[in-house]
Structures are given as C-alpha cells and as structure tokens.
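> structure for the following, please:
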Amino acid sequence: MGKELMTGNQAIARGFYEAGGHLAASYPGSPTVEMLEEIKHNYKEIYAEFSINEKVAFEVGIGSSFAGGRTLVSMKHVGVNVAADPLMTFTQTRTKGGFVLMSGDDPGMASSQNEQDNRLFGKFAFMPVLDPSDSQEAKDYVKMGLEISETYETPVMLRITSRLCHSRSAVELGPRVEVEIKGFERDIKNFGMIPPNTFDKQFHMKDRIEKLGKETFKLGINRYEPSEKTDFLIITSGLVYQNLKTLEQDVSIYKLGMVYPLPIEELRNLSEQYENIIVIEEMMPFIEDQLKIEGIKCEGKKFFSFTGELDVSDIRAGLEKAGVIEPVDSAVAQESGEVMGRLPMFCAGCPHRPVFDILKKTKKTIIGDIGCYSMGILYPLEVLDTIISMGASIGIMKGMNKVLKMAGKKEPLVAVIGDGTFYHSGMTGLLNLLHRYDPDDNLTVILLNNGTTAMTGGQPNASSSSYGDGSDMNVDLPKLIATMGFDRVRVVDQFDYKEAKKVIEEEIRFEGLSIVMTTRPCALKFKIKEPNFYVDPSVCIACRTCVKTNCPPIHMKDYKGFDKQKSSIDPSMCVGCSVCSQVCPVGAIKRRV
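Below is the predicted model of the structure:
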C-alpha cells in the first residue's frame, strides 16, 4: 500500500486500525490528543470517544476488553494518575481482548505541570512497557502490544514522548485485519476483583512478567548492533536511540523496544563482553536501576541529565564525559543562533481575558486550575496564585479557607475553573464544599464556561452542544449546580465588562459561598469575529489600560504628529470582542464600521 509520512500519533492510530482495533477511548491531553482525533476522523470502523476524564476512558476500555474487543486507551502521563484506580486492579485480571494503554510522557514539560516517568507506572502495575523510537515502530508496537496482551493475558503500556508524538517519519501502510469479537464470558474469579479472587492474581502478574522477560527474543523487539570495539556497550531506547545514531559513532548499541521487563539474562551475557556499559535514557534512571539491581555494572545518569529531553548535543556531551567519544574542538563547534522567545498568551477575543483583568484588579487570592486559563499565572497577567492539577482549585480553596480561619486570618478566596475541567474532576470538589459548610465562609467559584475543551484543540465536553458545535451532550450547567445544592449561582456575559465587574466584585464581597458562571464561547473554536476596533490617537492618553488586558493585537506605537507613543490595534488580528474599548477611560478605542 506504500509509505506515508506520519506523526507518532497518526502512526499509532493507523496501527490500531490495521490490527483490527474495535474501541478507542481517551481524555484530551497533550501530547496524545491527536491520536484519537485521527481515529475519529479517518477510521470509522473503530468506535472512538473522548470520555469525561481519564478514569472513565480507562473504564470504557476495560468493558471493551472484557467483551473481547481490541482496545486502545490514550492519555497524557498525568492522566494515568487519574486512571490509576481501575488500572492497578485491571492489571490483575487475565486480559481477554487486547488492551494497550498509550501514555504520552513529556520530557522537558513542553505542555505539562510535571515530568513524571510513566515507565515506573508500568513496573508498578506489573505491566509490560513498549518504547518506540520512530513512527514506524509506533505503528508496529501497537500491533505487537495487542498480541502480547492477548498472548500473555496482560494490558500493555505503549509509552511515547512528546517529541515522537509530533515528529514525522515514513510509515509502511498495510491493510486492516478483521478480528472477531468473542463476547463476554462470565468468569467471576477473573473479573470479580475482590478477595479471595485476588490472592492468586499477585502470582499471575509476577509469573507473566517473568515469562515475558525470558521470551522477548521471540518478539524480535529488542535489537543488538555490535561493533568490533569492546570498550563500550550503549543501552538505550525510544527517540534517544535515533539521536544517538545521528552521531554516527562506531560503538556497540543494544536498542530496547520493550523497557519492562528487560531481557536480563541476554544483557547479563552481553555485559561480560564489554568493559563499560552506558545507559542513555531520558528522565529517571529506569533502565539503569533495573540493571544495577540485577548486578550488571553500568552508568547513565552520571553522564546524562535526569530532566528534560536528550537531544544530539546532550548525548554527545554525555558520551564525551564518559570517554566514549573524543571531545569536539570548541573552536570549531558550530553555535546555533538563539530563537526569540514568545510569551504564552490568550488568543485575540479570548473570553477569559476580561475575567482575569477584573480579577487582577481585585488583588485577592486567586486559585487556578488546568486549562487555557492556566496562563493567567504567567507574566504579564500574573493573576493566579496556585496551579496544581485538574479540578484541584476548589478543594485547595476549601482547605486554605479552613486553616486561615483557624489562624484568625479570614479573607475572601476565589477559585477559577473551566467547564471542561469542571466536568473532568471539579464537580466532586464543588460538591465537597457543602460538607461542613460555614455560612460565613467567603468563597467564590468562577466557572469559565466557554463550551469546549479549548486547551487541547477544542474537543467537546458535556455542555458543548448548547453552543451549537454539533456534539451530543447538552448539560445545563446552572441547573446542574443548583441541583447539587447551591442556591447562589449568577450567570454573566463577561463581554459586558462593567456588568461582569460589578457581579464578580459583589460575589467576592458576599459573606458566603457563591458561584459565577461566564457564558462567552471560545473565540478560536467557534471562529468568532466581529468588526474590528481602532485607536483614535488624538483622544488616547497613553495610559496603557488597554495594553494591560494582554490582547495580542494591542501594542504601543509612534504616530506622526504626536510626541509620545499611543496604543494601536492590528486590524488583521482584532476579532472585535470590545473589551479594550470598554476598559479605555477616555473612549479612544472605537469600532470600525
């Protein structure tokens, strides 16, 4: 069928399709989000959904596997934390339909709040971990993962990193192979995971991993590339292998496709042929530690960073330290030019901007959450005071409030959360506010309802249909919140700046618990554009109030005939949201007609 350039995400989707995949579920999170988008748009034979959160996606996948369906569940690395409860029990079962968990790790934290290494999760759960090095392997390892899952009766983790998710390489295309769905067969001892059924499962997990470690040679997934030199053997995996090969060094390499379990006996025998073993891996010393535990002498993190990505220059520097290659003469080393930095900022017309402009002026403690609005913690907005994890803002606000009151330091607290994050894991935190609620708790929740999961590309959430995006869920958020037991819910159009400011300030002053929900949709997702605004320099007093809203089209510039810079609006970028015009104290910003 020929070859095609594909990202790692596209290749995984293709591999699942060719392997006769039946069901794919996910929660959108970079770097894995495009994988499910690819399946939804191009492979209609597969049922695909963005579930309400990672735990639910994993549970939908479990049901598919129980019924004999080939299953792929994807999420970013921190999403596995959310799915950990069902995951750690599901791994005890004897898997029926092949089950692959795609975990998108993020060395260097390109789009994440931490850098956890989910290879450790695989070992923690007695689950084999595959680590592809390019798009072709990403596709092939999906097929192999499903076969391993069904042969060894275990879920399999396909661990992929941000760089590989988004980089492209050639992939050989193949036809789809149809796989029969055998249906659910009642087996209480296998699917009813409570004692006494779980006692023998601990041995089952241990035995299957040990068996797989001894039989990896059957899979042909690990590759030994010998050199005539015996001074060094490099053990590596994933995209790091490709970066190492770019250096074109005459050195022996053992390239791992499966990083857990390791082929210990094969590596032990190989190690006896070499004077030094060097492990090159991003983030934690996962491979290195396993080898050392087995008594195989090696070094790795002594020469390579424990954080961030390892590119070609990093690998070269580490190998120089280890004495594997000769140092490059610094006088002839090529220096790369610096790339100008770019501030993260909200899109033009983003409905979050007026809310954050209002909140910044309140000078109150603002507890943030995960979403586009997380950028509110960064310069130049610097509105948010904390960010931890999805849905955490409301619980953090409650805990902070309780201890501040104990210390006699009562103050108004505000939590900000988006609609997608609210459905994901904020609802439970909100409900918990009713537990031991004190009527004089001065707490305000700002619910930014923009009708989409905007940060990851505009995937639908439970109330997107009310914004007309064609999705199939239309939850009435104010009604839902009222049904939960909250009687003070105010709905406001944040593009009516004065009214929004009035309402938000009133609720922050209110002695009690209140919720403010904003209503404007995501400008990017819904392609919102109105006639643009312009600045009349003869009226502008250069106060920079408009500039401080952090809107991309607004900047200061020189005007002919004026001694100082005045504000200006790029008409090609302005979408006509009107916020700058409303905050201007002298009426210098006007809509173009």
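> what is the subsequent helix or strand relative to the least confident helix or strand in the chain by mean pLDDT?
Within the chain, no helix or strand scores below helix 216-219, which has a mean of 90 by mean pLDDT, DSSP states H and E. Moving toward the C-terminus from helix 216-219, the next helix or strand (DSSP states H and E) is strand 223-225.
> helices of the stretch 451-593 of the chain, start to end?
477-484, 497-509, 579-583 (DSSP state H, counting those that start in this stretch).
> show me what the longest one is packed against.
Which is helix 497-509. Judged by 3 or more Cβ pairs under 8 Å, 6 or more residues apart in numbering; DSSP states H and E, the packing partners of helix 497-509 are helix 352-362, strand 443-448, strand 489-492, strand 513-518, helix 579-583. All C-beta spots, glycine's among them, are computed from the backbone N, C-alpha and C.
> pull out the buried residues from the longest helix belonging to the chain.
Longest helix in the chain by number of residues, with DSSP state H as the criterion: helix 135-152. By 16 or more other Cβ atoms under 10 Å, the buried positions in helix 135-152 come out as 135-146, 148-152.
> if we can go back for a sec, single out the most deeply packed of the helices and strands packed on helix 497-509.
Among those, ranked by average contacts under mean count of other Cβ atoms under 10 Å, first place goes to strand 443-448 (a mean of 26).
> what strands flank that one, and is each parallel or antiparallel?
If you go by DSSP bridges, strand 443-448 pairs up with strand 413-418 (parallel), strand 513-518 (parallel).
> using CSV, list the CA coordinates for the last one.
This points to strand 513-518. In CSV, the C-alpha atoms belonging to strand 513-518 read as follows (Å, rounded to 0.1, in the frame of the first residue of the first chain):
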residue,chain,number,x,y,z
LEU,A,513,-20.4,30.7,49.1
SER,A,514,-21.2,31.8,45.6
ILE,A,515,-20.7,30.7,42.0
VAL,A,516,-20.3,33.0,39.0
MET,A,517,-20.6,31.4,35.6
THR,A,518,-19.4,33.2,32.4
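> so that it lines up with my notes, have the first residue be 26 from now on.
Sure thing, new numbering starts at 26, so read that last one as strand 538-543.
> in a markdown table: the helices and strands packed on helix 522-534, plus distance to residue 154.
Shown next, in a markdown table, are the helices and strands packed on helix 522-534 (distance: least, Cβ to Cβ, whole Å):
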| stretch | distance to residue 154 |
| --- | --- |
| helix 377-387 | 38 |
| strand 468-473 | 37 |
| strand 514-517 | 46 |
| strand 538-543 | 42 |
| helix 604-608 | 48 |
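> can you get me the start-to-end distance on stretch 154-165?
14 Å (Cα to Cα, to the nearest Å).
> who touches it?
Residues external to stretch 154-165 that are found in contact with it (Cβ atoms under 8 Å, 6 or more residues apart in numbering): 31-33, 35-37, 39-40, 43, 144, 147-148, 166, 169-170, 181-185, 189, 192-197, 246, 262-267, 280-285.
> of those residues, which belong to helices?
Those of those mapping onto helices are 33, 35-37, 39-40, 43, 144, 147-148, 166, 169-170, 189, 263-267, per DSSP H.
> where are the low-confidence patches of this structure?
354-362 (pLDDT under 70).
> and it, what are its domains?
28-244, 248-347, 377-543, 558-616 (automatic domain parsing).
> deepest-packed of those, please.
By mean count of other Cβ under 10 Å, these have domain 28-244 as the most buried, with a mean of 21.
> end-to-end on that domain?
In domain 28-244, first residue to last residue: 23 Å (Cα to Cα).
> ditto for stretch 363-373
With Cα to Cα as the measure, what separates the two termini of stretch 363-373 is 27 Å.
> quick one: distance of that stretch to the chain centre.
With Cα atoms, centre = their mean, to the nearest Å as the basis, stretch 363-373 stands 20 Å off its chain's centre.
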